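Peer 1: Mind looking at a prediction? Sequence and model below.
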Amino acid sequence: MITLSKVSIQFFTPAHTNDKDGNTAISIEVFNFDRTKIVAKGGLFAGNIAFPDNGTLSPLYAFDAHPPNINKTDIAHGSFDIAITPVGNDTWVFTPILTLMFSDNSSIVYNNYSNRVVDQDGATTTFVF
């Protein structure tokens, strides 16, 4: 059985849009196909670094699959939520790059998303893969 071993995420912030403030933290939850099970989760991270709006990629953040032994077929057509926890006001325009890594050393990269906007009033957005 091929299982999910890790999830990584990177963010592209387009030039001349809205950056992520240095004190705004991010979280991610990755779900199976019917959103009944969280298969990976990154608690608050990146709360000490700004993502400038100059058309660059963020650092790469990686998380272990949890719980272990999630079958690759169980996460086909899954989804993930990106949420921000700003200190005060923050509006961020970004595109995620999600990579799922498996026990057989294969991986799938999802990077065909359009720009999304999150802010202190709409702090969570969902992506389907």
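Peer 2: Arrived safely. Numbers count the residues shown, from 1 in each chain.
Peer 1: Strands along this structure, start to end?
Peer 2: Under the criterion DSSP state E, the chain contains strands at 4-13, 25-31, 38-45, 56-57, 61-64, 79-85, 91-102, 107-110, 116-119, 124-128.
Peer 1: Which elements pack onto the lowest-mean-pLDDT helix or strand in the chain?
Peer 2: Taking mean pLDDT, DSSP states H and E as the measure, strand 38-45 is the helix or strand of the chain with the lowest mean score, a mean of 90. Judged by 3 or more C-beta pairs under 8 Å, 6 or more residues apart in numbering; DSSP states H and E, the packing partners of strand 38-45 are strand 4-13, strand 25-31, strand 61-64. C-beta here means a position set from N, CA and C on the backbone, and glycine is covered the same way.
Peer 1: how much does it deviate in direction from strand 91-102?
Peer 2: 140 degrees (axes from the mean of the first three to the mean of the last three C-alpha atoms, to 10 degrees).
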